[in-house]
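> need a structure here:
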Amino acid sequence: MSLQEIFATRANRMKASEIRELLKLLDQPDIISFAGGIPDPDLFPKTAFQDAFAEALNGPMAAQGLQYSTSEGHKPLRVWIAAQMQAIGIPATPDNILITSGSQQALDYLGKLFLSPGDTALVGWPTYLGALGAFNAYEPRYDKLDPLSNRSGADYTAAAKEAGGAAKFAYLSVDFANPTGATVSRAARERVIDLAEEMDIAVIEDAAYQSLRFDGDAIPPILALEAERRNGDLEACRTIYCGSFSKTLSPGLRVGWVCAAMPVISQLVLMKQAADLHSATLNQIAVASVAEQHFDSHIDTIRSAYRARRDAMLEALQAHMPDGVSWTKPEGGMFIWVTLPDTLDGADLLKQSLESERVAFVPGHAFFADGSGRNTLRLSYSTSTEGKIAEGIARLGQLITRALNG
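Residues are numbered from 1 along each chain as shown. Okay, here's the model as predicted:
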């Protein structure tokens, strides 16, 4: 007997992450990698965390740090996060915050909460690969979310009903999105709220990169815009905000959060209790300490470093890419999205690049719910020096030029 024969049908929707597989290349010293969208480990606040863990293990909170805790999360951390939410226009209290094991766990919980098989999730084209992975287990249908198009809420609703389910939520990454680096305009954010109201669905706002703005003026989060419409009543809002410390302080500690109205938080707490009881208490205590003492100064440090690397990549793309290739110009975050002529395939190009140029990137088709976008690719500048970026993009430009002249 093969146990695979009795797997649930949802197992067929689970696929290996192309990004996770590509991260294995980082162990090869001759590879210039623009693949993994991960923070630079050289920029982690290591000393601050050493002090925080030492205090957590040797101070008055040692017993608490090693013990079971509440599913909602470490109260001082939730207090700090609520204050941060208030600073960006979201009228949250600590009771509106649930600590999760990274924002990825939040996406999994929200997929489980809203999606029945055959229901529709509205997502970008392309969208964050991890969101597709989280939602896929719950067997949804995907529809293209394009807030400023002419599509009405009634059209989305009818398409979902015709497919045998109901539209349940719109998911979008609003600032410096993974994979495109694009920022959703204020007009588009407002339109998403309008559509959600018309369709009576939720909005999942992925704000993993919100703190990493280099240029331009900050745009209020969707949840802040909706709260303003509701006269500051977060309990009347349908938007669910997902935040994370993974792109700012440390991804390895797996600390993220959800900010939402209490009925949503209460249901997610029940899921948390059933899944893992609570996120690691010791990690939450350490993150709270580092955030309280060092968050703003650390953000200034990583913004400066990533801004310089983004600028280096944009300059190299301008210098080395042939005609017919275009790319985004992000105001922050970790990514640049490249669109190639239709005759090129990103996956084929990656194979050639690894063999001849020793440069890694992520083929763009993985970020499309329908597998389209074969002529796109994602570049991350977060872990490379300016010199490596210049060299890697020069090699990649030469490869693309050869492929076009084929």
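
> from here on, contacts and neighbour counts on C-alpha atoms
Fine.

> how many other residues sit next to Glu5?
One way to gauge burial is a neighbour count; for Glu5, by other CA atoms under 10 Å, it gives 8.

> show the pLDDT at it.
pLDDT, Glu5: 78.

> okay, buried residues for stretch 161-173 please.
The neighbour-count check on stretch 161-173 (16 or more other CA atoms under 10 Å) flags 165-173 as buried.

> check stretch 357-368 too.
Neighbour counts using 16+ other CA under 10 Å place 357-368 of stretch 357-368 among the buried residues.

> next: stretch 260-270.
Within stretch 260-270, the residues that qualify as buried by neighbour count (16+ other CA under 10 Å) are 260-262, 264-266, 268-269.

> next step: these restricted to helices.
When DSSP state H is applied, those are split such that 262, 264-266, 268-269 fall in helices.

> now distance to Asp40 and pLDDT too, for the residues you listed, in CSV please.
Shown next, in CSV, are those (distance: CA to CA, whole Å; pLDDT from 0 to 100):
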residue, distance to Asp40, pLDDT
Met262, 36, 98
Val264, 34, 98
Ile265, 32, 98
Ser266, 35, 98
Leu268, 32, 98
Val269, 32, 98
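
> out of those, which is nearest to Glu55?
Proximity of those to Glu55 (CA to CA) peaks at Val269, which lies at 28.4 Å.

> ok so Leu377 is a strand residue?
Yes: the assignment for Leu377 by DSSP: H, G, I helix; E, B strand; the rest coil puts it in a strand.

> quick check: it vs Thr301, distance?
Note on Leu377: its distance to Thr301, by CA to CA, to the nearest Å, is 28 Å.

> can you check Arg402 too?
Distance of Arg402 to Thr301, given as CA to CA: 39 Å.

> could you pull up the mean pLDDT of the helix or strand containing Ile81?
With elements taken from DSSP states H and E, the one containing Ile81 is helix 75-87. Here the mean pLDDT over helix 75-87 is 98, rounded to a whole number.

> what is that helix packed up against?
Applying 3 or more CA pairs under 8 Å, 6 or more residues apart in numbering; DSSP states H and E, one finds that helix 75-87 contacts strand 97-100, helix 281-320.

> state the next helix or strand along the chain beyond the longest one.
If I follow you right, that is helix 281-320. strand 326-327.

> where does this protein dip in pLDDT?
Low-confidence segments of the chain, defined by pLDDT under 70, are located at 1, 14-27.

> that one: helices as residue ranges?
Assigned by DSSP H, the chain shows helices spanning 18-23, 46-58, 62-65, 75-87, 102-114, 129-136, 153-162, 186-199, 222-229, 262-275, 281-320, 346-352, 386-405.

> what angle do helix 46-58 and the longest one make with each other?
If I follow you right, that is helix 281-320. Between the axes of helix 281-320 and helix 46-58, defined by axes from the mean of the first three to the mean of the last three CA atoms, to 10 degrees, the angle is 170 degrees.

> what are the buried residues along helix 281-320?
When neighbours are counted by 16+ other CA under 10 Å, the buried residues of helix 281-320 are found to be 281-291, 295, 298-299, 302-303, 305-314, 316-317, 320.

> take the ones in helices among the buried residues of stretch 260-270 and write them to a markdown table, including distance to Asn12.
As requested, these are arranged in a markdown table below (distance: CA to CA, whole Å):
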| residue | distance to Asn12 |
| --- | --- |
| Met262 | 34 |
| Val264 | 29 |
| Ile265 | 30 |
| Ser266 | 30 |
| Leu268 | 25 |
| Val269 | 28 |
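
> how far off centre is stretch 128-142?
Averaging C-alpha coordinates over stretch 128-142 and over its chain gives two centres that are 13 Å apart (CA atoms, centre = their mean, to the nearest Å).

> what lies in contact with that stretch?
The set of residues that contact stretch 128-142 without belonging to it, under CA atoms under 8 Å, 6 or more residues apart in numbering, is 10-11, 13-15, 17, 104, 107-108, 111-112, 115-123, 163, 173, 177-179, 366-369.

> ditto for stretch 204-217
103, 169-177, 222-223, 239-248, 299, 303-304, 307, 331-333.

> quick one on the thing from earlier: among the contacts of stretch 128-142, name the ones in strands.
Residues from the contacts of stretch 128-142 lying in strands, with DSSP state E as the criterion: 120-123, 173.

> okay, the buried residues of stretch 260-270 in TSV with distance to Ala62 next?
Putting the buried residues of stretch 260-270 into TSV (distance: CA to CA, whole Å) gives the following:
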residue	distance to Ala62
Ala260	31
Ala261	32
Met262	30
Val264	32
Ile265	28
Ser266	28
Leu268	28
Val269	25
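
> which among those residues gets closest to Ala54?
Set against Ala54, the nearest of those by CA to CA is Val269 (29.4 Å).

> ok, now which ones touch that closest one?
Counting by CA under 8 Å, 6+ apart, Val269 makes contact with 71-72, 98.

> change it to 7 Å
71-72 (CA atoms under 7 Å, 6 or more residues apart in numbering).

> any idea how far it is from Leu98?
Following CA to CA, the distance that separates Val269 from Leu98 is 7 Å.

> find residues that contact each of these two.
Glu72.

> my guess is Ser33 contacts Val362. True?
No: between Ser33 and Val362 there is no contact, the gap being 9.6 Å when judged by CA atoms under 7 Å.

> mutual contacts of the two, please.
Between them, Ser33 and Val362 share no contacting residue, judged by CA under 7 Å, 6+ apart.
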